[in-house]
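1. Sequence first, predicted model second:
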Amino acid sequence: MKLQITLGTIAMIFIMAFPAVAGGTGELQKYFSDAAAKVKATNNPIEKREILNNSFINMSKALNTVQNLPFISENDRAGINNLKTKLQEKQDELSGSNGFVRVSDGQLNTFSDYVVQSSEQAFEVITISLVALLLIILIVILIV
């Protein structure tokens, strides 16, 4: 009986893993798309910056948490580190620090779209395992 339950559980994990890979990157992109929608929904540039900055901070926290888990592989750590670097560059561009020119108030809507497009491209190039991706999604959901 225990063998049947164990085999059934393993089979379900493999069956559910395929849609999770496709949906995992979509969930992270949706996170930034939702932030962009919030940015466009407000007219106050201070609020727009706060929305974008908070989305960067929350994603950075999630990436740091997952990267520091003991069972995350070195390949995943490297992929997460690349994501963190790209995310930090966007945050620096928003604030105008580390050699970046600050995004003007009138360009915040366009910048939010740029962040969404950049995240889509980053997830096509950077490889992270299914486990790490699902953990990132889970932690982002818990933080928000």
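-> In hand now; what should we look at? Numbers count the residues shown, from 1 in each chain.

2. Give me the distance between residue 108 and residue 138.
-> As judged by CB to CB, to the nearest Å, residue 108 and residue 138 stand 29 Å apart. (Glycine included, C-beta is placed from N, CA and C.)

3. what does residue 48 give?
-> Taking CB to CB, one finds residue 48 at 27 Å from residue 138.

4. How about residue 79?
-> Separation of residue 79 from residue 138 (CB to CB) stands at 17 Å.

5. So those two - more neighbours on which side?
-> residue 79 (23 against 14; other CB atoms under 10 Å).

6. How is that one assigned, secondary-structure-wise?
-> helix (DSSP: H, G, I helix; E, B strand; the rest coil).

7. pretty sure residue 111 contacts residue 95?
-> No. Contact criterion CB atoms under 8 Å: residue 111 and residue 95 do not qualify, at 11.6 Å.

8. can you pull the pLDDT of the residue nearest to the spatial centre of the chain?
-> Nearest to the mean C-alpha position of the chain, by CA atoms, centre = their mean, lies residue 28 at 4.4 Å. With respect to pLDDT, residue 28 scores 75.

9. I'd say it and residue 138 touch.
-> No. Look at residue 28 against residue 138 with CB under 8 Å: they stay out of range, at 11.4 Å.

10. By mean pLDDT, which helix or strand of the chain comes out lowest?
-> helix 2-41 (a mean of 64; mean pLDDT, DSSP states H and E).

11. any low-confidence regions in the protein?
-> The model of the chain has pLDDT under 70 over residues 1-26, 122-135, 144.

12. mind running it again at 80?
-> Within the chain, the segments meeting pLDDT under 80 span 1-28, 120-144.

13. and the gap between residue 27 and residue 44?
-> Taking CB to CB, one finds residue 27 at 28 Å from residue 44.

14. Between those two, which is the more surrounded one?
-> Per other CB under 10 Å, whichever of residue 27 and residue 44 has more neighbours is residue 27, with 16 against 11.

15. what about residue 142, how many neighbours?
-> 11.
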